[in-house]
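[1] Got a sequence here, can you build the structure:
(one chain, ligands or ions: 1)
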Amino acid sequence: MRLLVVEDDPSIAGPLCTGLRREGFVVDHVATGASALEAAPSDLVLLDLGLPDVDGRVVCREMRAISNVPIIVVTARGEEIDRVALLELGADDYVVKPFGFRELVARIGAVLRRTAPTGAPADKKASIEVGGLRVDTRTHQVTLNGDPLLLTPKEYDLLAYLAGDIGAVRTRDEIIHDVWDENWWGSTKTLDVHIASLRKKIGAARIVTVRSVGFVLIDPEPDQ
Ligand code: CA
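    As a prediction, the model looks like this:
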């Protein structure tokens, strides 16, 4: 597993990279937003928000625009954290400085587990198709009418979950429980943010809101 650490403070970056290498990760370190955006592809990005050249939020958004790599945002204590804004930028999780190293490693493990393509059981369909939308559960690739869609890991999880039972209403509680296994973001607003961003990408009509119950994935044009 290759990690990209984006951190300008050498007193944090040094021990952090050393510790992560000891955990068995291959670690690339960059100290600016510009070099983060030019870095080689990695399996996960640890992104400090307070960078000398570009705001970490901008880096997060730009990274997300070109890649679905999991991103854990690192923020300074006292820095105002807008969880919803971070989600909208495409962050998968965040930690607040100063953080414990074990806690960080656990977070990295959790994010990687959630986002890793898993071998689907043999009796499970490897891909699900509904009205031109195709979800490949082996590779985590999603295409719409043949065009690849770039989803964040969480958007993918949510879509794959809804696609697991097309036409069935999933309650908000079920979705929060099954897709957000750690409840890290706390608020159920999280779910609405992800539904909204997913709708933008796959088409609003595909996810129907069942008022005060939950959501259902449908084929918007079943006769075509
Ligand atoms: Ca910093």
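[2] quick one: the spatially most central residue of the chain from D219, how far?
    Closest to where the C-alpha atoms of the chain average out (C-alpha atoms, centre = their mean) is P153, at 3.4 Å. From P153 across to D219, the span is 25 Å (C-beta to C-beta, to the nearest Å). The C-beta positions use only the backbone N, C-alpha and C, and glycine is treated the same way.
[3] can you count the residues close to the residue in the chain positioned nearest to the ion?
    Nearest to the ion in the chain, going by C-beta to the ion, is G50, at a distance of 3.6 Å. Neighbour count of G50, defined by other C-beta atoms under 10 Å: 14.
[4] Ramachandran coordinates for P220?
    Backbone torsions of P220, given as degrees, to the nearest 10, read phi -70, psi -20.
[5] Same question for V95.
    The phi and psi torsions at V95 (degrees, to the nearest 10) take the values phi -130, psi 150.
[6] what's the neighbour count on it?
    With other C-beta under 10 Å as criterion, V95 counts 16.
[7] now swap in D82 and tell me
    D82 has 10 nearby residues by other C-beta under 10 Å.
[8] give me the element V142 is part of.
    For V142, the element it lies in under DSSP states H and E is strand 141-144.
[9] and that strand, what other elements does it pack with?
    strand 133-136, strand 147-149, helix 189-202 (3 or more C-beta pairs under 8 Å, 6 or more residues apart in numbering; DSSP states H and E).
[10] mind running it again at 10 Å?
    Helices and strands touching strand 141-144, by 3 or more C-beta pairs under 10 Å, 6 or more residues apart in numbering; DSSP states H and E, are strand 127-130, strand 133-136, strand 147-149, helix 153-163, helix 189-202.
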